[in-house]
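Undergrad: Turn this into a structure:
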Amino acid sequence: MRKGDIMQLNDDKLREVLSQNIKSARLSSGYTQENLAEMSEISLNFLKDVEGARSGTSLLTLINLCLSLNTTPNEILKDFFKDSYDKTEYLTQQIALLNDYQKDTICALIKHFKDNDM
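TA: Prediction:
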């Protein structure tokens, strides 16, 4: 698989998504930063860094935050993968509108891209 075939992770984008969605979930739950930090067994300063997009989290910390917020990592990270999902959904919808000949042509084009490492 070529480098371009996989989504490149971006630390800044990931920290921003974590920041926005953890803070939003915390506020929706009615928790203060102090409450959430204590429930998640992390320091208040670390939570402030996460919510300020100055720090990311380990997987274990993310899971603990999610458990405390009664949400899932998928929900917290959903915006990180949004662009990829939007493109896939758009392509799926558009292909569904095509006739069989057009779908066969798209399949041949995809095969050509894959076979020629494009």
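
Undergrad: Please report phi then psi for R54.
TA: As for R54, its main-chain torsions (degrees, to the nearest 10) stand at phi -90, psi -10.

Undergrad: ok, it touching E16?
TA: No: applying CB atoms under 8 Å, one finds R54 not in contact with E16, separated by 10.6 Å. Any C-beta I mention is one placed from the backbone N, CA and C, and that applies to glycine too.

Undergrad: Mind checking which of those two has more residues around it?
TA: A count of neighbours by other CB atoms under 10 Å puts E16 above the other of R54 and E16, at 14 against 11.

Undergrad: tell me the mean pLDDT over the helix or strand where the more buried one lies?
TA: In this assignment (DSSP states H and E), E16 forms part of helix 11-29. For helix 11-29, the mean per-residue pLDDT is 93.

Undergrad: chain center to the helix or strand just after it, what's the gap?
TA: Once the chain leaves helix 11-29, the next helix or strand it forms, by DSSP H and E, is helix 33-40. From the chain centre to the centre of helix 33-40 is a distance of 23 Å (CA atoms, centre = their mean, to the nearest Å).

Undergrad: Helix 33-40 vs helix 11-29, what angle?
TA: 100 degrees (axes from the mean of the first three to the mean of the last three CA atoms, to 10 degrees).

Undergrad: then the very next helix or strand once past helix 33-40 to PDB, C-alphas only?
TA: Where DSSP H and E defines the elements, the next helix or strand beyond helix 33-40 is helix 44-51. C-alpha atoms of helix 44-51 as PDB (Å, rounded to 0.1, in the frame of the first residue of the first chain):
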ATOM      1  CA  LEU A  44      -6.900  19.100  36.400                       C
ATOM      2  CA  ASN A  45      -3.900  20.700  34.600                       C
ATOM      3  CA  PHE A  46      -3.800  17.800  32.200                       C
ATOM      4  CA  LEU A  47      -7.500  18.000  31.400                       C
ATOM      5  CA  LYS A  48      -7.100  21.800  30.900                       C
ATOM      6  CA  ASP A  49      -4.300  21.000  28.400                       C
ATOM      7  CA  VAL A  50      -6.400  18.500  26.600                       C
ATOM      8  CA  GLU A  51      -9.400  20.800  26.400                       C
END
